[in-house]
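1. Got a predicted structure here, sequence first:
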Amino acid sequence: MSAETHAIGRTNIGFIFAIVAIATIGGFMFGYDSGVINGTQKGLESAFDLGALGIGINVGAILVGSALGAFLAGRMSDLIGRRGVMMLAGLLFLISALLAGAAGSSAMFIIARIIGGLGVGAASVISPVYISEVTPASIRGRLSSIQQVMIITGLTGAFVANFVLARYAGGSTATLWFDLPAWRWMFLLQAIPAAIYILALLIIPESPRYLVVKGKEERAHAVLSRLFGPEEATRKVGEIRDSLAADHHRPRLSDLIDKTTGRIRPIVWTGIGLAIFQQFVGINVVFYYGATLWEAVGFSEDYALQTNILSGVLSIGACIATMFLVDKIGRKPLLLFGSAGMAVTLAIVAYAFSTAVTGADGGVMLPGSNGIVALISANLYVIFFNLSWGPIMWVMLGEMFPNQIRGSGLAVAGLAQWLANALVSVSFPSLVISPGLAVAYFGYAFFAAVSFFFVRAMVRETKGRELEQMEG
């Protein structure tokens, strides 16, 4: 019997699933906070008198905070622990929800969204790391993929909440409870899961790998014993200690530079590339601007919000499928499959939008059956993304870096991911006007095609490997 098989036999699966369920509430908050903006833009425009650029800045404000939060969280997790950073993220989510819902000006709203972005960025990088550090290698990919399921569930939850509130009030700008418009309640409702997240985090343990790094081996052994049994705990503590022994010092950003060559380690460039390509394929245009996008081609607000829900449900289904595939066929094959599928479907969407004409009311319309072609292709694209790059990028960032540089590697890759996200998301409202949706989608298709060759050349398979075996 192999050591891994023996470990699985003694693994406290129930406890591990409970830990993962709580940790991934951060993914839900990440998704909800990111997706709630989709459907509130009419309210923001009317309340703060915003044009296309103003909408882009208000929508993109969260991404400024997310980039900073991701960068700081990676380093902070080496100082105050993985769980400590997640608790801080939960508090930021709560503050942001209340401030955004009550904001009396665009400036206050932007500040609130930046605060929420700090939480989103922190949760986006720390939850996958925490999960990878408390799960067995043979099912690590499956459990880490739950993070993306929860992100999409949060996005879909936001879409459903937006739809229900807008339908109940008679529109996103119509007055609802306490004389507040529905779009404000879309933000305020986020306070409920944020509070649940903070309280739930109190009952899960700190990462045993973090505890070993801090010299708290007895606590690490106690956590690992509860996870895998005393015998396996002793073995894992030894492995973690040995993986750090060759270069045991306080983790720092300079660890990302190879001391032999004086250059940034190749594994860091791979992480940065994965992070950037995940955004340059344009996925958050669908998540942030879905309602605006479908209204731009003739859908009513009500139908556009329903279409968002459909995309969210399809995304969840695709992520669940990935959970059952990632530990069987590996990370790299799924990334290659996703890149090819996204390139084709995005090209079809771009072609459909290239046929757009101006309707009698001055709005954009897709003639003939092109509207249906665009809708079907866009949802197939969402499926391909969530079968591959959506969950797999987070799985790999959580596991691909060696122990010594995991926090620093995540800091840099997380920063790159959110800066790329900001570039795509803030630029999109202007692209709707000029040079047009077709050009934007052809650009996303191009990056999807390039990502295929990036994966072939740079990505190393991590399926079934212990975290202590990762090399950089």
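-> Structure received. Numbering: from 1, shown residues only.

2. C-alpha from now on. contacts and neighbour counts both.
-> OK.

3. Find the centremost residue of the chain, please.
-> Computing the C-alpha centroid of the chain and ranking residues by C-alpha atoms, centre = their mean puts S124 first, at 5.4 Å.

4. mind checking which helix or strand that one is in?
-> If you go by DSSP states H and E, S124 is part of helix 106-133.

5. for G398, phi and psi?
-> Dihedral angles of G398 (phi, psi; degrees, to the nearest 10) stand at phi -80, psi -20.

6. Compute the distance between F48 and I152, please.
-> Distance of F48 to I152, computed by C-alpha to C-alpha, to the nearest Å: 29 Å.

7. These two: which has the busier surroundings?
-> Between F48 and I152, counted using other C-alpha atoms under 10 Å, the more crowded position is I152 (30 against 16).

8. buried residues in whatever helix or strand that one lives in?
-> In this structure, I152 sits in helix 146-169 according to DSSP H and E. For helix 146-169, the neighbour count (16 or more other C-alpha atoms under 10 Å) marks 146-167, 169 as buried.

9. Quick check: next helix or strand after the helix or strand bottoming out on mean pLDDT in the chain?
-> Taking mean pLDDT, DSSP states H and E as the measure, the chain has helix 3-10 as its least confident helix or strand, at a mean of 47. With elements assigned by DSSP H and E, the helix or strand that comes after helix 3-10 is helix 13-23.

10. chain center to that next one, what's the gap?
-> 20 Å (C-alpha atoms, centre = their mean, to the nearest Å).

11. quick revisit: which secondary structure elements does the helix holding I152 sit against?
-> Packing partners of helix 146-169 (3 or more C-alpha pairs under 8 Å, 6 or more residues apart in numbering; DSSP states H and E): helix 25-35, helix 182-188, helix 301-329, helix 389-399.

12. Quick one, which of those helices gets closest to S425.
-> Closest to S425 of the helices and strands packed on helix 146-169 is helix 25-35 (C-alpha to C-alpha; 11.2 Å).

13. quick one, that closest one and helix 146-169 angle?
-> Using axes from the mean of the first three to the mean of the last three C-alpha atoms, to 10 degrees, one finds that helix 25-35 and helix 146-169 are set 50 degrees apart in direction.

14. Measure how the very next helix or strand once past helix 25-35 sits relative to helix 301-329, angle-wise.
-> For helix 25-35, the succeeding helix or strand toward the C-terminus, using DSSP H and E, is helix 41-48. Orientation of helix 41-48 against helix 301-329 (the same axes, to 10 degrees) gives an angle of 130 degrees.

15. Pull out the buried residues from the helix or strand following helix 41-48.
-> Sequence order places helix 52-80 as the next helix or strand after helix 41-48, per DSSP H and E. Residues of helix 52-80 classed as buried by neighbour count (16+ other C-alpha under 10 Å): 52, 54-79.

16. What residues sit buried inside the helix or strand just after helix 52-80?
-> Sequence order places helix 82-102 as the next helix or strand after helix 52-80, per DSSP H and E. Residues of helix 82-102 classed as buried: 82-102 (neighbour count, 16+ other C-alpha under 10 Å).

17. just checking, what packs against helix 82-102?
-> helix 25-35, helix 52-80, helix 106-133, helix 182-188, helix 191-201.

18. Could I have the CA atoms of that helix written out in CSV?
-> C-alpha atoms of helix 82-102 as CSV (Å, rounded to 0.1, in the frame of the first residue of the first chain):
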residue,chain,number,x,y,z
ARG,A,82,-4.2,31.8,6.2
ARG,A,83,-7.2,31.9,8.5
GLY,A,84,-6.3,35.3,9.9
VAL,A,85,-6.4,36.8,6.4
MET,A,86,-9.7,35.1,5.6
MET,A,87,-11.3,36.6,8.7
LEU,A,88,-10.0,40.1,7.7
ALA,A,89,-11.5,39.6,4.3
GLY,A,90,-14.9,38.8,5.8
LEU,A,91,-14.8,42.0,7.8
LEU,A,92,-14.0,44.0,4.7
PHE,A,93,-16.9,42.3,2.9
LEU,A,94,-19.3,43.4,5.7
ILE,A,95,-18.1,47.0,5.7
SER,A,96,-18.2,47.3,1.9
ALA,A,97,-21.8,46.0,1.7
LEU,A,98,-23.1,48.5,4.2
LEU,A,99,-21.2,51.5,2.7
ALA,A,100,-22.0,50.7,-0.9
GLY,A,101,-25.7,50.4,-0.2
ALA,A,102,-25.7,53.7,1.7
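
19. pLDDT below threshold where in the stretch 101-250 of the chain?
-> For the stretch 101-250 of the chain, the stretches flagged by pLDDT under 70 are 171-173, 243-250.
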